[in-house]
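J.: fold the following.
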Amino acid sequence: MAIAALVAWLCTAGAGLFMLLRWMSRGGHRKGAASHFPAIRVFSHFGLAAAGLVLWIIYLVTDSSILAWIAFFDLVLVALLGGLLVRQWIKDGRAAMAGSGSAPTVDLAEQHIPRVPVIVHGIFAVSTVTLVLLAAIGVGES
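T.: Residues are numbered from 1 along each chain as shown. From the prediction side, this is the model:
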């Protein structure tokens, strides 16, 4: 379970890194940029996910169950932050597609992130959280 969690986490990170770079390439991280994503939320999501991945690798080396639980609770926080980001991404995208009066009048950096990486990132993220939890409770140990 623990190795499967690592693989899922790396896949999640790959899609996440693509989205982060896409958002940054459109200037989303710049102060005063056309983005509804607060940079602190984006970078906190990324930083906590990366820190959790490092903890997970250390857990794999040391087999310390406390590290597995810390990594799991880190992922819960990462998922909450990610949920806020995807909710805003969906809200702005729907408004833009509907052409309603509430549609953003500016070209938002996050709206240049394609759907497929967002969906792939979400699927792997849910898989990662599930696999980390299963590994933390000891499922699949030999």
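J.: enumerate every residue touching Leu131.
T.: 1, 4-5, 8 (Cβ atoms under 8 Å, 6 or more residues apart in numbering). In short, each C-beta sits where N, CA and C put it, glycine included.
J.: tell me which element it is part of?
T.: Element membership for Leu131, per DSSP states H and E: helix 115-136.
J.: can you pull the buried residues of that helix?
T.: Within helix 115-136, the residues that qualify as buried are 117-118, 120-122, 124-125, 127-129, 131-136, counting by 16 or more other Cβ atoms under 10 Å.
J.: before we move on, back to that, filter the contacts of Leu131 to the buried ones?
T.: Using 16+ other Cβ under 10 Å as the burial test, these include 1, 4-5, 8 as buried.
J.: name the nearest of the residues you listed relative to Leu81.
T.: Lowest distance from Leu81 to those (Cβ to Cβ) belongs to Ala8, with 18.3 Å.
J.: helix/strand/coil for the closest one?
T.: In three-state terms, and counting by DSSP: H, G, I helix; E, B strand; the rest coil, Ala8 is helix.
J.: quick one: low-confidence residue ranges for this protein.
T.: Within the chain, the segments meeting pLDDT under 70 span 32, 95-106, 142.
J.: and the strands in it?
T.: In order along the chain, the chain carries no strands (DSSP state E).
J.: can you pull out the helices in it?
T.: Per DSSP state H, the chain carries helices over the ranges 2-25, 39-62, 65-98, 115-136.
J.: between those, which gets nearest to Lys31?
T.: Once those are compared by Cβ to Cβ, helix 39-62 is nearest, at 8.0 Å.
J.: may I see the buried residues of that closest one?
T.: Neighbour count says helix 39-62 has 42, 45-46, 48-49, 52-53, 55-56, 59-60 buried, by 16+ other Cβ under 10 Å.
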